[in-house]
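Asks: model this:
(chains A and B)
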Protein chains: 2
Amino acid sequence: MSKKRVGIIGAGPSGLAQLRAFEAAKKKGFEVPEVVCFEKQSNWGGMWNFSWRTGVGKYGEPIHGSMYKYLWSNGPKECLEFSDYSFDEHFKKPISSYPPRPVLFDYIQGRIKKDDVRAYIRFDTTVRWVNFNEATKKFEVVLDNLKDDVTYTEEFDYLVVASGHFSTPNMPYFKGIEHFPGQVLHAHDFRGADPYRDQDILIVGSSYSAEDIGVQCHKHGAKSVTLSYRTNPIGVNWPEGISEVPLLMRFEDDIAHFKDGSSKRYDAVILCTGYQHKFPFLPDELRMKTKNNLYPDQVYKGIFFNELPKMMYLGMQDQYYTFNMFDTQAWLARDYMMGTYKLPTKEERRVDMDKWLRANQKLESSFDHVDFQTDYIKDLLSLSDYPDFNVDKVAVMFKEWLKDKDEDILTYRDKTFQSVVTGTMAETHHTEWMDELDDSKERYLYMDESNDEMEFTMEKNTL
Amino acid sequence: MSKKRVGIIGAGPSGLAQLRAFEAAKKKGFEVPEVVCFEKQSNWGGMWNFSWRTGVGKYGEPIHGSMYKYLWSNGPKECLEFSDYSFDEHFKKPISSYPPRPVLFDYIQGRIKKDDVRAYIRFDTTVRWVNFNEATKKFEVVLDNLKDDVTYTEEFDYLVVASGHFSTPNMPYFKGIEHFPGQVLHAHDFRGADPYRDQDILIVGSSYSAEDIGVQCHKHGAKSVTLSYRTNPIGVNWPEGISEVPLLMRFEDDIAHFKDGSSKRYDAVILCTGYQHKFPFLPDELRMKTKNNLYPDQVYKGIFFNELPKMMYLGMQDQYYTFNMFDTQAWLARDYMMGTYKLPTKEERRVDMDKWLRANQKLESSFDHVDFQTDYIKDLLSLSDYPDFNVDKVAVMFKEWLKDKDEDILTYRDKTFQSVVTGTMAETHHTEWMDELDDSKERYLYMDESNDEMEFTMEKNTL
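Replies: Predicted coordinates:
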C-alpha cells in the first residue's frame, strides 16, 4: 500500500507545529505519511515573517502579515512556550518575559531548524482551489507556483488548513470616511508608529490591535491617540495622551463625531476592527464559517471538520494560548492521520462540540475565557503524547497579565514570569519598555557583550 | 440546440463594452447567446468605481481600484469617446476635454443604463478557478458568491476575460526600504494627495501614475516632489517643486540615495512602479503572460487566445485608446461568438501576430506608439460593424496632447479638442485646472445653474 499523503496549507506557527509533530513521531521510529506543506510567502513563520509591503506581495498575492516594527509580545512568553523546546534551550540564558518580534521569530525557527523540515515546504506556492473527490476520497488541490508561474494539481488523503485568521481585514464603513482627507488604513497595513509622530490619531476598535497600536503610537510620539469602542471600552488606566470614546458615528471632512456627541479633528484613522476567517481556496461546504470565537462551530476538538474530518483546521480559535495550543492541536491531528487516535462517530462528535459551545456561551469575564481555553488545552493534552506542562500555572500567569495590563498598560511588559517548562525565572530587560525604542534581536540579546553594536543601533534609532 | 453560454469576467469598461456589444446585436434583431458577467465589486465600472478602501474589500478580496480623489482624465475625452454614444448625447451640452473621474464614470454608466444590462451581471461574485474540459469543450468556472458565502460551478462555451491589468501592483524592493520610517505605498493604494501636504514626497517611476500622482501632490500642497526614474526621465518642463532624479539605489533610514550620488530626506514614498497582468483564476496554460506592452503575445487581434480562441481577453494592451478600443475589441469578439466572424487557422493567426509583434519592436517614439495603436484600431474597425470614427484625427489629437504635456504639465488639461463623433468643440472649463480643487460632478457640470451648491462644495474643500 502506498504511503498516505498529507497536505498542509501554511508554514506559520500552526503549519510548522504540524511538521514538527510528524518529525517527533519519525524520531520515535514511527513510519509517517508523506507530508507536503504549501506556503505562499518566500519564507516560513507566517505572521512572524515581517514584510515592509502592504496590499500584495511581489507575486501579487494578498499580504499575509499584519506585523509592524517595534512589535513586542503582548503576553508573557511563558504562556506560549513550546513544551518540547524551551526558551532556555534556544537562547542558552534567561531572557525577559516580553521579547520583541525578531526574538520570538528566532525562537520559532530554532525548533524547526533542528530538523530538516524546510525540505517539506514548497515556498512561493499558493493553494488556488480544493476539491474533495467523493469517489476516490481524496482532496484534489490546485496549486500555483508563483515564482515559476505554473499551476498543477496534486492529490492528498488529508488536508490541514493552517492558514491563520489574522490576515483578512474586517473593515466596516463609517459615514463620510470616503471624504476623510488623511490616511485611512486597517491595522493589517500598519507597519510601525513612526509616520504618526506629532499627529492626532483615531483608532477604531477595542481589542488587542487597538490597544497595542494605540500604545505604540503614544510611545513613538503621536500627539494624541483616541480609541473608539463599539460596545465596551478597553478600560485600562490610560496615560495622558490616550483616551477612549464611544463609537464613531460619522466623519465630516477630517472631523470625527462620536456617539456621546463629542468630536475631534484627526490626521489619520487606523481601523483596528478585526479580521475575517477567510478560505478562498475552499468550496463553501468545506469552509469554516465563524466569527472570532474561542470555540468555532463545525470542528470537533477545535480541529476536525465534522462533516469531513479528513480536513483539519489548526489555530482558528481566539487565542490566549498560542504556540503551545497549535502544538497540542497538531499532535492530535497527527495521531489521527497516523491511525493511533480514533475519532468517535459523527453524532458523538456533535454531542461533544455542543457541550463546549454551551460552555463557551456562558463565559462572561476575561478570567472565564482563560479558564475555558485552559480546559480545552488540558483536554487535548490528555489525548496525545505532546509533552505535558503545568497548564493551570499558565492560566494563573494569564490572569496576572490581565491584571498587570489593567494597572498600567505602559509598564506591564516590564514584569517577569517563571517558565513552566524549565522553572527558569525571566530576567528583567536591560531597559524599561517605554524607553526601549529599538526592537532588534542584537540589542535585545547582546547589549552587554557588544556595546559598539548597541550604540550603532541606538544611533540609528535616534536619527 | 440549446443556446451557447458566454461568461464575462469583470464589469468594468471592457466587460460593459462586451455586454453593450451583445445588446446592440439584439436590438438589430439577431439572436444572441446567453450572457453572464461576473463582477467581484458591488457595482459596475471597474477602475472607475472609486473605493476609499485599500488592501481588501468588505468581503476580503483584493481591492480592484487604483483610483484616487481629484483624479481628472489624463488624456482628452475626445480620444476615448464611444462612437455609438457621444458625450453630447449623455450631457446634452458641451463639456471640457478633461473631465474628473465622477463625470467620466457618469458617462460610462449612461450608455449602459439605456439597456437593461445590469440584469446580466452577478455582483459580489468572484471567479475562483477555470478549467477547460477537453471532452465537452466547455469552460467549467468555479464561482464564489461573496455576499452569501456560497460557491458553485457553471459551464460556458466562451469565456471573455475583462478583469483589467491596473489592479495588481508591481512593487520592487529597494535596499533599506524596510527601515524607512515614513509611509511606503504603491500607487494602487494612493487615495488622494491630502495626506502629503507640506511633506517631502519621493515617487519612484516614470510612467502615467508617477506623472499624475506627482502633479497631484504638487497641486494639493506637498512641500516637494521628487520623481526617480530607472531608464529615462519623463522629461517634461517640471514646475518648481517637482524634480526628476535617476534611480533610487537605497535608503538609509528616511534618506534616499540616488544613482547620481544625490540624496534627500523624505516623509513618504509612493511606488509608481507599475502593475502586473495577474489571472489567479486561470490555469497557467490559459494565462496571458506578458509585460506591459502595446501588443501582448498569445492573442490574435489582441483578443483571441491563440491556443484556445474560445477564450478572449479584452483591454490587456498598453493604452492610448481606451473605451473606444475596448468597444472595437468587444464587437469583434461578439461577432466571433455569434458565428458571423470566422477566425483563420491557428498558423495563419500566428503569422499575423508575428507581423504585429515585429512592427511593435521597431517603435521608438511616443508618436510611433500612437500610430501603431491607431493602425490596430483601424484593423479591428474593418472587421466588425462598430460605428466607424475618424481614427486618424484621434491620432492627431493624441500627438497634440503629448506636446501639450511636454510644454506645461500643469496646464495641458485646460486645452480643448473637437469630437470626431459629433464635431462638437469642447468647452473651456469654468476654472483653470490648477485652481480647481473640487472634482465633484455637481461643481463640474452645474456651477452656473446652482451657485448655492457650488459654494457649499467649495467651502467643504477649503476647510
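
Asks: Domain map for chain A?
Replies: Listed domain ranges for chain A are A:5-167+A:275-402, A:171-271 (source: automatic domain parsing).

Asks: I'd like the average pLDDT over the last one.
Replies: Going back to what we said before, that points to domain A:171-271. Mean pLDDT, domain A:171-271: 97.

Asks: And it, how far out from the chain middle?
Replies: 22 Å (C-alpha atoms, centre = their mean, to the nearest Å).

Asks: Now the terminal residues of stretch A:240-249, how far apart.
Replies: The first and final residues of stretch A:240-249 sit 24 Å from each other (C-alpha to C-alpha, to the nearest Å).

Asks: how about that stretch: buried residues?
Replies: A:242-245, A:248-249 (16 or more other C-beta atoms under 10 Å in any protein chain shown). The C-beta positions use only the backbone N, C-alpha and C, and glycine is treated the same way.

Asks: And stretch A:94-114, by the same measure?
Replies: The neighbour-count check on stretch A:94-114 (16+ other C-beta under 10 Å) flags A:94-109, A:111-112 as buried.

Asks: The stretch 51-200 of chain A: strands as residue ranges?
Replies: Listed in chain order, the strands of the stretch 51-200 of chain A (DSSP state E, counting those that start in this stretch) span residues A:121-122, A:125-133, A:138-145, A:150-156, A:158-161, A:168-169, A:183-186, A:200-204.

Asks: and B:V142, which of those is closest to it?
Replies: Nearest to B:V142 among the strands of the stretch 51-200 of chain A is strand A:125-133; the distance by C-beta to C-beta comes to 6.2 Å.

Asks: Could you tell me the angle between the closest one and strand B:150-156?
Replies: Relative orientation of strand A:125-133 versus strand B:150-156 (axes from the mean of the first three to the mean of the last three C-alpha atoms, to 10 degrees): 80 degrees.

Asks: Report the buried residues of strand A:125-133.
Replies: Judged by neighbour count (16+ other C-beta under 10 Å), strand A:125-133 contains these buried residues: A:125-132.

Asks: could I get these as TSV with pLDDT?
Replies: Formatted as TSV, the buried residues of strand A:125-133 follow (pLDDT from 0 to 100):
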residue	pLDDT
A:T125	98
A:T126	98
A:V127	98
A:R128	98
A:W129	98
A:V130	98
A:N131	98
A:F132	98
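
Asks: Return only those of those residues found close to chain B.
Replies: Restricting the buried residues of strand A:125-133 to those adjacent to chain B (criterion: C-beta under 8 Å from any C-beta of the partner chain) gives A:126, A:128-129.

Asks: residue ranges with poor pLDDT in chain A?
Replies: Scanning chain A for pLDDT under 70 picks out A:1, A:448-463.

Asks: all helices of it, in order?
Replies: Secondary structure of chain A (DSSP state H): helices at A:13-27, A:87-91, A:101-113, A:208-219, A:323-337, A:346-361, A:366-381, A:391-407, A:441-446, A:451-462.

Asks: Which positions in the stretch 151-300 of chain A make contact with chain B?
Replies: Near chain B, when you scan the stretch 151-300 of chain A using C-beta under 8 Å from any C-beta, you find A:151, A:168-169, A:171, A:173, A:177-186, A:188-189, A:191-192, A:194-195, A:253-254, A:267-268, A:276, A:278, A:280-281, A:283-285, A:287, A:289.

Asks: repeat that for 7 Å
Replies: Within the stretch 151-300 of chain A, the positions adjacent to chain B are A:151, A:168-169, A:171, A:177-178, A:181-186, A:188-189, A:192, A:194-195, A:253, A:276, A:278, A:280, A:283-284, A:289 by C-beta under 7 Å from any C-beta of the partner chain.

Asks: returning to that earlier point: now, among the buried residues of strand A:125-133, which is nearest to chain B?
Replies: Of all the buried residues of strand A:125-133, A:W129 has the smallest distance to chain B: 4.3 Å, by C-beta to the nearest C-beta.

Asks: If that closest one is in a bridge, with which residues?
Replies: With DSSP bridges as the criterion, A:W129 is bridged to A:V142.
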